[in-house]
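Engineer: Dropping a prediction and its sequence here:
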Amino acid sequence: EAQVTQNPRYLITVTGKKLTVTCSQNMNHEYMSWYRQDPGLGLRQIYYSMNVEVTDKGDVPEGYKVSRKEKRNFPLILESPSPNQTSLYFCASSLYTGGFAEAFFGQGTRLTVV
Amino acid sequence: AQKVTQAQTEISVVEKEDVTLDCVYETRDTTYYLFWYKQPPSGELVFLIRRNSFDEQNEISGRYSWNFQKSTSSFNFTITASQVVDSAVYFCALSGGGSNYKLTFGKGTLLTVNP
């Protein structure tokens, strides 16, 4: 089954404790990205990657890091989480860039930073 | 800059009513793509439709239909004979077709269908 898998689904952590949210897709998609969803703000892009070893900032990259060492994986790293990073996070992948194909989204990761 | 406006924050209807969710977009790109996603209470994002800027044909899929009008920069979504299972947040989104396949989302419309 074609899917984007995020882990964990739920995470509660403390301020400053490094964490990684994993994202993996099994569709051989080139394009992957991360979004955060906040009430009243919709979804906003954090980082994206057009292929292996190619990553770039989205609209709200501060406080986040990503890496793309393999095509299938695109982890989101919070080196020193803060309460304002409490949010619902989605990973997405797409076969092509530029909107030619639909984006597949993971199930979401609900992160709470206390 | 791209922008998507969903002016309706919340809509509440009774089952079997028809309901239209509005979406207005702004972009300077001549080639762009419009999307609708559904987010049920379980939280995942479900793809509903993609429409490119060259195709203004309306689309119908079962009880769902979409009306794309370039002249008014709108891409509205109608659910006919709504059902309780349609209760969800619906997002309209825009992609500019550039190298960054970034989806610019509207803030979403919470649809509640009451029995």
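Structural biologist: Structure's in. What do you need?
Engineer: Return the distance of residue A:108 relative to residue A:8.
Structural biologist: Using Cβ to Cβ, to the nearest Å, residue A:108 is found at 11 Å from residue A:8. No exception for glycine: its C-beta is placed from N, CA and C like everyone else's.
Engineer: brain fart, residue B:103
Structural biologist: 24 Å.
Engineer: Look at the two and report which has more neighbours.
Structural biologist: residue B:103 (27 against 13; other Cβ atoms under 10 Å in any protein chain shown).
Engineer: residues in contact with the spatially closest residue to that one that is not a sequence neighbour?
Structural biologist: Once flanking residues are discounted, residue B:103 sits nearest to residue B:93: 4.3 Å by Cβ to Cβ, 6 or more residues apart in numbering or on different chains. With contact taken as Cβ atoms under 8 Å, 6 or more residues apart in numbering or on different chains, residue B:93 is in contact with A:43, B:4, B:34-37, B:103-106.
Engineer: partner residues bridging residue 11?
Structural biologist: Going with chain A. For residue A:11, the residues forming beta bridges with it (DSSP bridges) are residue A:111.
Engineer: hmm, I had chain B in mind actually
Structural biologist: Where residue B:11 sits in a bridge, its partners, by DSSP bridges, are residue B:111.
Engineer: Count the residues that sit near it.
Structural biologist: Neighbours of residue B:11 (other Cβ under 10 Å): 17.
Engineer: Who are the contact partners of residue B:18?
Structural biologist: Contacts of residue B:18 by Cβ under 8 Å, 6+ apart are B:78-82.
Engineer: Distance of it relative to chain A?
Structural biologist: Separation of residue B:18 from chain A (Cβ to the nearest Cβ, to the nearest Å): 25 Å.
Engineer: just residue B:81 next, same as before
Structural biologist: Taking Cβ to the nearest Cβ, one finds residue B:81 at 26 Å from chain A.
Engineer: In contact with that residue, which residues?
Structural biologist: Residue B:81 touches B:16-18, B:63, counting by Cβ under 8 Å, 6+ apart.
Engineer: Would you format those residues as JSON lines with pLDDT, distance to residue A:38 and secondary structure included?
Structural biologist: Supplementary listing: these in JSON lines, determined by pLDDT from 0 to 100; distance: Cβ to Cβ, whole Å; DSSP: H, G, I helix; E, B strand; the rest coil:
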{"residue": "B:16", "pLDDT": "97", "distance to residue A:38": "34", "secondary structure": "coil"}
{"residue": "B:17", "pLDDT": "97", "distance to residue A:38": "30", "secondary structure": "coil"}
{"residue": "B:18", "pLDDT": "97", "distance to residue A:38": "31", "secondary structure": "coil"}
{"residue": "B:63", "pLDDT": "95", "distance to residue A:38": "30", "secondary structure": "coil"}
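Engineer: Greatest separation within these: which pair is it?
Structural biologist: The distance between the two most remote of those (Cβ to Cβ) is 11.7 Å, for B:17 and B:63.
Engineer: between these two, what contacts are shared?
Structural biologist: By Cβ under 8 Å, 6+ apart, the residues touching both residue B:17 and residue B:63 are B:81-82.
Engineer: In space, what's closest to residue 30 - neighbours in sequence excluded?
Structural biologist: With no chain named, the answer covers chain A. Leaving aside its sequence neighbours, residue A:30 sits nearest to residue A:51 (Cβ to Cβ, 6+ apart; 5.1 Å).
Engineer: Chain B was what I was after
Structural biologist: With Cβ to Cβ, 6+ apart, the residue lying closest to residue B:30 is residue B:53, at 7.0 Å.
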